[in-house]
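Peer 1: need a structure here:
(one chain, ligands or ions: 1)
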Amino acid sequence: MSRQVYLDYAATTFTAPEVVSSMAPYFTQSFGNPSSIYSFSESNRKAMASARQQVADVLGATKEEIFFTSGGTEADNWALKGVAWRNRSKGNHVITTKIEHHAVLHTAQFLQENGFEVTYLDVDSEGKVRLEDLKNAVTDRTILVSVMFANNEIGTLQPIAEIGAFCREKGIVFHTDAVQAVAHVPIDVRAMNIDLLSLSAHKFYGPKGVGALYVRKGVKIDNFMHGGGQERGKRATTENVAGIVGLGAAIELTASRMKEASGRVGKLRDMLIDGVMKTIPHAKLNGAPSGERLPNNSNFSFIGIEGETLLLDLDGAGIYASTGSACSSGSLDPSHVLMAIGLSHEQAHGSLRMTLGEETSEEDIRYVLSVLPGIVERRRAMSPLWEDFLKKTQGGK
Ligand code: PLP
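Peer 2: A predicted model of the protein is given here:
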């Protein structure tokens, strides 16, 4: 079997074997409904309480502030709709950014269709929100600010502590979609003045289909799921006990390795970036410099090629990467994130995201660097776009 290199950890991670083992008993042995009062369900309730504590510990929260959800999308929907509905007598203005994940953007659009006003902040060429722009956008009707912690496509980290301090001073609820950041970069919800935070287990070696919303004590938010009294009456449905246990185990495990893992992965990522920039003519690195982006993220544009064909060629070489947003793959629209940082349609279409993780090795990166330049060169040789580009730049390479 030829080499296989998975470089799409931002789309999803594998579930760590120790996490799978921690979940196993809750499928077959401790399968009782946690809401049942008999002693058979006691172990489930205990397991959920300790998972809640594990999540709280990593965020610097208390376990009463953690509510389990079905993933990042639900947590984002709940945060935006829950705050908007609860506060609509105070105001109808919501501020977010142009580079949010669709879980936030499409929810914001839904709010607009239902009488709310939404401001979408611009970002600079590295994908960063300017605090000044936020200050200028706030009105006396602003009830919510939602700015992602780290971008899923280009990895840019936002000035979350500054935004949090400003929102707290103004008395505006501050939500951050931290799905790509949790357990990968340090987060302290108290020090950063974060009121609501979304996370998802499958981005840090936990199972898919389970996440959480942190809601700071005292912040009022309407229910999103109506039904039974689970999650202290805030989120109905019989709890995904095994998933919740897996989420707890994964966040603890990944956060405990954060320092060592981000150092190792960051070095490999820099090796990849250096190699690509040196060997591929007219390659463009999208996003911020090393210190201001997720340690595992690289995102390039190769003018003259279509990202989709690049992915197919890489797939043929056993390399799995992505173009644009992984969650919207299948769409041919250029990525809204790459457009927001000022790329042309052509640059956005020729983008390649490679995100590294636990099992990425130096050999993997060497292999990618041995294959990618040839693929780009062959595709460009067949591309009228590349021919045009060369003509425009006077035949220069
Ligand atoms: N927010 C961000 C920044 C993401 O990257 C993703 C998934 O890629 C989501 C939200 C959605 O998370 P989930 O897949 O758990 O619904």
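
Peer 1: what does the model give the residue lying closest to residue 180 once chain neighbours are set aside for pLDDT?
Peer 2: Once its chain neighbours are removed from consideration, residue 180 has its nearest residue in residue 150; the separation is 4.6 Å (Cβ to Cβ, 6 or more residues apart in numbering). The C-beta positions use only the backbone N, C-alpha and C, and glycine is treated the same way. Residue 150 is assigned 98 on the pLDDT scale.

Peer 1: is it true that residue 150 touches residue 185?
Peer 2: Yes. Contact between residue 150 and residue 185 holds when scored by Cβ atoms under 8 Å: they sit 6.9 Å apart.

Peer 1: Please list the residues of this structure that sit near the ligand.
Peer 2: Of all the residues in the chain, those in contact range of the ligand (Cβ under 6 Å from any ligand atom) are 71-73, 76, 101, 103, 148, 152, 177, 179-180, 200, 211, 327.

Peer 1: Common neighbours of residue 150 and residue 185, please.
Peer 2: Shared between the contact lists of residue 150 and residue 185 (criterion: Cβ atoms under 8 Å, 6 or more residues apart in numbering) are residues 157, 294.

Peer 1: more neighbours, these two?
Peer 2: More crowded of residue 150 and residue 185, by other Cβ atoms under 10 Å: residue 150, with 25 against 17.

Peer 1: Next one: residue 196, what pLDDT does it get?
Peer 2: Here the pLDDT value assigned to residue 196 is 98.

Peer 1: Let me fix that, I meant to ask about residue 181.
Peer 2: In this model, residue 181 carries a pLDDT of 98.

Peer 1: check contacts around it.
Peer 2: Shown here is residue 181, whose contacts under the criterion Cβ under 8 Å, 6+ apart are 149-150, 157, 187, 294.

Peer 1: repeat that for 6 Å
Peer 2: Taking Cβ atoms under 6 Å, 6 or more residues apart in numbering as the contact definition, residue 181 lies against 149-150.

Peer 1: Could I get the phi/psi values of the residue of the stretch 1-150 of the chain found nearest the ligand?
Peer 2: Nearest residue of the stretch 1-150 of the chain to the ligand (Cβ to the nearest ligand atom) works out as residue 72 at 2.6 Å. According to degrees, to the nearest 10, the main-chain angles of residue 72 amount to phi -70, psi -40.

Peer 1: excluding its backbone neighbours, what's nearest it?
Peer 2: residue 200 (3.5 Å).

Peer 1: Which helix or strand contains residue 135?
Peer 2: Assessed by DSSP states H and E, residue 135 sits inside helix 131-137.

Peer 1: residues of that helix that come out buried?
Peer 2: Judged by neighbour count (16 or more other Cβ atoms under 10 Å), helix 131-137 contains these buried residues: residue 134.

Peer 1: What of stretch 77-86?
Peer 2: Going by neighbour count (16+ other Cβ under 10 Å), the buried part of stretch 77-86 is 77-84, 86.

Peer 1: So for stretch 158-173, what gets flagged as buried?
Peer 2: 158-160, 163-167, 172-173.

Peer 1: my bad, should have said stretch 3-13
Peer 2: 5-13.

Peer 1: Could I get the full set of helices for the stretch 101-250 of the chain?
Peer 2: 102-113, 131-137, 160-170, 241-256 (DSSP state H, counting those that start in this stretch).

Peer 1: what mean pLDDT does stretch 56-74 have?
Peer 2: Taken as a whole, stretch 56-74 has a mean pLDDT of 98.

Peer 1: what's in contact with that stretch?
Peer 2: Applying Cβ under 6 Å, 6+ apart, the set of residues contacting stretch 56-74 is 52-53, 55, 75, 103, 179, 187-190, 198, 200, 209, 211-215, 217, 231, 234-235, 244, 251, 255.

Peer 1: The same query, at a cut-off of 7 Å, please.
Peer 2: Contacts of stretch 56-74 from elsewhere in the structure, counted by Cβ atoms under 7 Å, 6 or more residues apart in numbering, are 49, 52-53, 55, 75, 78, 103, 177, 179, 183, 187-191, 197-200, 209-217, 231, 234-235, 239, 244, 251-252, 255.

Peer 1: Show the buried residues in those residues.
Peer 2: Among those, those classed as buried by neighbour count (16+ other Cβ under 10 Å) are 52-53, 55, 75, 78, 103, 177, 179, 183, 187, 189, 197-200, 209-216, 231, 234-235, 239, 244, 251-252, 255.

Peer 1: residue ranges of the strands in the protein, please?
Peer 2: When secondary structure is read from DSSP state E, the chain shows strands at 5-6, 66-69, 93-97, 117-121, 142-146, 173-177, 196-200, 211-215, 283-285, 297-302, 319-320, 351-355.
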